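[1] The amino acid sequence is not available; the structure is as follows:
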């Protein structure tokens, strides 16, 4: 069902929506059996975002990414019988994910303290927007607000026109970092639980994931009285000294390369290869380092525009000069290095057909990364209840009729 086999035998019960679903997605990618518990309305990420795949009302890319390799079970956790089934599943699990506002499962009588009574080894990860404590804990939150809280960006890209979005150099951090941070904390807690038999409560918020993203961000403010400008790092105009030697340039055919000849030996080698000793001399002849950088940049713009992208890539590779593509999503999709490292896989999506999707940055030589498609809503209710809880079809039909179980 899932990707690699590193977490084979680890069972996860997930109650999550939207961005927090990514935590279970990362665990499924590594081989965990992730059982996604969905209520009557299901995870709204199934049809969130644009574009839709296959048809105007088809699934969204976030769903295909974050929910791949999971099994979907429909339970009504507000029903006494549905809650009892949930506890039985937790008793046979290693990890529980609460991926909504913090405390939702607690209010249903299914919080960490209640669940550790049925499984003392359980690792319970609450992943939410703002966490369970503090003056903002009761506030609702959405993805762009995480970056606003963390001092990274106050932009909602979906409030921009397509043209404005294309021209805006912005990437969401908190919404995507939260799942990675939660995976780190959850797996660390799981390691201890397997060693000692002691479960754990782990909490991660999207807002704090954004706030802690930049190593120099908040730490610079917290230590403002101790900060000093590092000698030689900045030029006379306050920019990084030598910045044109670590910069993107347009090529003759409309592509871009990212030149990385910052260190002196690579800069000298580049100037020699392209026959431009005058470039190397700029920094020796001009006393003002800021003016030297501006002059070098103007010359490099013209130089890189004189050859095609493939020509420059050949120069970089044949002469051991650090450099590479400055890709767009369109050029990344056909980049030979990206494809050679198995960053794309193919999967059959019901109602759509074959879909090509990005895989994972984690590589495991000798293993194929081929998770099954994200499940249909409640697709595995019968399978999981029969396999894990030993119910029969009559039991399941009775539970369905009582609105405790939803069937796909």
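    The structure has been received and is ready for your questions. Quick caveat: nothing in here was measured; it's all calculated off a predicted structure.
[2] looking at it, residue 399 is touching residue 406, isn't it?
    No - contact criterion C-beta atoms under 8 Å: residue 399 and residue 406 do not qualify, at 9.6 Å. Using the backbone N, CA and C atoms, a C-beta is placed for each residue, glycine as well.
[3] Between the two, which is the more surrounded one?
    Per other C-beta atoms under 10 Å, whichever of residue 399 and residue 406 has more neighbours is residue 399, with 23 against 20.
[4] Angles on the backbone of that one, please.
    Taking degrees, to the nearest 10, you get phi -70, psi -40 for the backbone angles of residue 399.
[5] residues in contact with it?
    By C-beta atoms under 8 Å, 6 or more residues apart in numbering, residue 399 lies in contact with 81-82, 85, 385, 391, 405.
[6] Buried subset of those, written for ChimeraX?
    In ChimeraX, this line selects whichever of the contacts of residue 399 come out buried by 16 or more other C-beta atoms under 10 Å:
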select :82,85,385,391,405
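[7] Which secondary structure element of this protein has the lowest mean pLDDT?
    None of the helices or strands of the chain scores lower by mean pLDDT, DSSP states H and E than helix 162-167, at a mean of 84.
[8] on that earlier part again, tell me which of the contacts of residue 399 is nearest to residue 110?
    residue 82 (10.2 Å; C-beta to C-beta).
[9] Farthest pair within the contacts of residue 399?
    82 and 391 (13.0 Å).
[10] What about residue 41, how many residues nearby?
    9.
[11] can you give me the helices in the stretch 201-350 of the chain?
    Secondary structure of the stretch 201-350 of the chain by DSSP state H, counting those that start in this stretch: the helices cover 206-211, 217-222, 264-273, 277-285, 289-304, 309-318, 329-332, 336-340.
[12] Generate JSON lines for the ones you listed, with mean neighbour count and distance to residue 232 as supplementary columns.
    JSON lines is the format used below for those (neighbours: other C-beta atoms under 10 Å; distance: least, C-beta to C-beta, whole Å):
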{"stretch": "helix 206-211", "mean neighbour count": "25", "distance to residue 232": "31"}
{"stretch": "helix 217-222", "mean neighbour count": "12", "distance to residue 232": "19"}
{"stretch": "helix 264-273", "mean neighbour count": "16", "distance to residue 232": "13"}
{"stretch": "helix 277-285", "mean neighbour count": "14", "distance to residue 232": "13"}
{"stretch": "helix 289-304", "mean neighbour count": "17", "distance to residue 232": "9"}
{"stretch": "helix 309-318", "mean neighbour count": "16", "distance to residue 232": "27"}
{"stretch": "helix 329-332", "mean neighbour count": "10", "distance to residue 232": "35"}
{"stretch": "helix 336-340", "mean neighbour count": "11", "distance to residue 232": "33"}
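[13] Where among these is average confidence lowest?
    Note on the helices of the stretch 201-350 of the chain: lowest mean pLDDT is at helix 277-285, with a mean of 90.
[14] Report the secondary structure state of the residue nearest to the spatial centre of the chain.
    Closest residue to the average C-alpha location of the chain: residue 176 at 4.0 Å, with C-alpha atoms, centre = their mean. Under DSSP: H, G, I helix; E, B strand; the rest coil, the three-state class of residue 176 is helix.
[15] how many other residues sit next to the residue lying closest to it once chain neighbours are set aside?
    Once flanking residues are discounted, residue 176 sits nearest to residue 22: 7.0 Å by C-beta to C-beta, 6 or more residues apart in numbering. For residue 22, the count of nearby residues is 25 (other C-beta under 10 Å).
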